[in-house]
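> Output the structure for:
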Amino acid sequence: MIRSADNDLHSIGAATWNAVLPRTCIGCGRPGDDCCPGCAAALPLAPGRPPPHGVDVAVGWLAHRGVAAELVARAKFHHGVGLLERLGDGLGRLMAAVIDGDLDGGDATITWAPTTTAHRRHRGFDQAEVLARAAAHRFDPPSHARPTLRRVGGSTQTGRRRDERLAGPRFEPVATVPARVVIVDDVWTTGATLGAAADALRRAGAEWIAAVVLAVRP
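Next up is the predicted model:
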């Protein structure tokens with residue numbers, strides 16, 4: 001259960017929050033954006049990788065190291081909904097570049113690999129959902145991200161050993177699954193989460209699955 005103090009923090013307006021804790025650039029420490037234009041230009045791009053099992057096309061934006069890793073952590077763990085939305089907007093541009101316009105015609109549905117219920121309650125949001133919904137608005141006309149999966153059980157991938165991560169979480173469909181799906185997630189480590197999500201979507205009727213992630217762990 002989220003403590004009352006956490007609820008109070010979530011209710012503070014953005015301007016007031018920034019006045020109490022002004023944002024500084026993660027890379028250089030200058031006041032202003034979470035990542036200034038100079039440091040943003042130097043962020044490491046994600047390495048290429050074969051798609052996880054069950055995924056037809058997979059692409060990542062950033063390499064999960066250095067300033068980029070700190071940026072992801074700030075967004076996930078420090079009340080970073082606004083930052084996640086800005087990052088999600090960037091993911092939308094990446095989608096448009098790599099998925100050959102499939103989303104512009106409404107041909108594919110944007111969804112996400114949901115986090116655990118405990119993480120959602122503690123943070124007040126699901127980071128993958130925020131990214132997916134922000135990315136969907138990049139298209140003209142705007143696409144609408146929608147839930148298609150639920151996570152079964154409460155285990156999280158964070159902090160687990162590699163062999164434990166490879167087993168992956170379990171997902172079940174919660175809605176009619178379309179033929180073409182784009183899964184959004186925050187960090188791609190072993191690919192087990194994306195693979196498990198893809199398996200659940202395939203069983204429910206998906207024929208083509210792409211994955212777009214914010215950061216890829218080298």
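> and the longest helix for the protein?
Secondary structure assigned by DSSP state H gives helix 81-98 as the longest helix of the chain.
> Report the rounded mean pLDDT for that one.
On average, the pLDDT along helix 81-98 is 88.
> How far off centre is whichever helix or strand comes after that helix?
Next helix or strand after helix 81-98 toward the C-terminus (DSSP states H and E): strand 109-112. Distance of strand 109-112 from the chain centroid (CA atoms, centre = their mean, to the nearest Å) equals 11 Å.
> who does strand 109-112 pair up with?
strand 180-188 (parallel) (DSSP bridges).
> After the strand it pairs with, which helix or strand is next? Please name it.
Remark: after strand 180-188, the chain's next helix or strand is helix 192-203, criterion DSSP H and E.
> Next SSE downstream of that next one?
Once the chain leaves helix 192-203, the next helix or strand it forms, by DSSP H and E, is strand 208-216.
> helices or strands next to that next one in the packing?
Contact analysis of strand 208-216 by 3 or more CB pairs under 8 Å, 6 or more residues apart in numbering; DSSP states H and E lists strand 57-63, helix 66-77, helix 81-98, strand 180-188, helix 192-203 as its packing neighbours. Where you see a C-beta, it was placed from the backbone N, CA and C, and this is true even at glycine.
> right, so of the ones you listed, which gets closest to residue 29?
Closest of these to residue 29 is helix 66-77, at 11.2 Å (criterion: CB to CB).
> And that closest one, what's buried?
67-69, 71-72, 74-76 (16 or more other CB atoms under 10 Å).
> cool, stretch 120-130 as well?
By neighbour count with 16+ other CB under 10 Å, stretch 120-130 contains the buried residues 120, 123, 125-130.
> between the residues you listed, which is closest to residue 208?
The nearest one, if we look at the buried residues of stretch 120-130 relative to residue 208 and count by CB to CB, is residue 128, at 19.9 Å.
> Check for me that that closest one belongs to a helix.
Yes. Using DSSP: H, G, I helix; E, B strand; the rest coil, the secondary structure at residue 128 is a helix.
> Was I right to think residue 80 contacts residue 74?
Yes. Taking contact to mean CB atoms under 8 Å, the distance of 5.5 Å between residue 80 and residue 74 places them in contact.
> Need the residues touching each of those two.
Residues touching both residue 80 and residue 74 by CB atoms under 8 Å, 6 or more residues apart in numbering: residue 34.
> and which of the buried residues of stretch 120-130 is nearest residue 212?
Relative to residue 212, and with distances defined as CB to CB, the nearest of the buried residues of stretch 120-130 is residue 128, at 10.6 Å.
> Spit out the contact partners of the closest one.
With contact set as CB under 8 Å, 6+ apart, residue 128 has these partners: 112-115, 184-186.
> do the same with residue 129
Taking CB under 8 Å, 6+ apart as the definition, contacts of residue 129 comprise 112, 114, 145, 147.
> Tell me the predicted confidence for the closest residue to the second one other than its chain neighbours.
It stands for residue 114. The shortest distance from residue 114 to any residue other than its chain neighbours is 4.9 Å, reached at residue 151 (CB to CB, 6 or more residues apart in numbering). According to the prediction, residue 151 has pLDDT 94.
> related to what we said a few turns ago, for the longest helix of the chain, which helices and strands make contact with it?
Secondary structure elements in contact with helix 81-98, counted by 3+ CB pairs under 8 Å, 6+ apart, are strand 57-63, helix 66-77, helix 127-136, strand 180-188, strand 208-216.
> Go again with 6 Å.
With contacts defined as 3 or more CB pairs under 6 Å, 6 or more residues apart in numbering; DSSP states H and E, the packing partners of helix 81-98 are helix 127-136, strand 208-216.
> With that, I have no additional questions.
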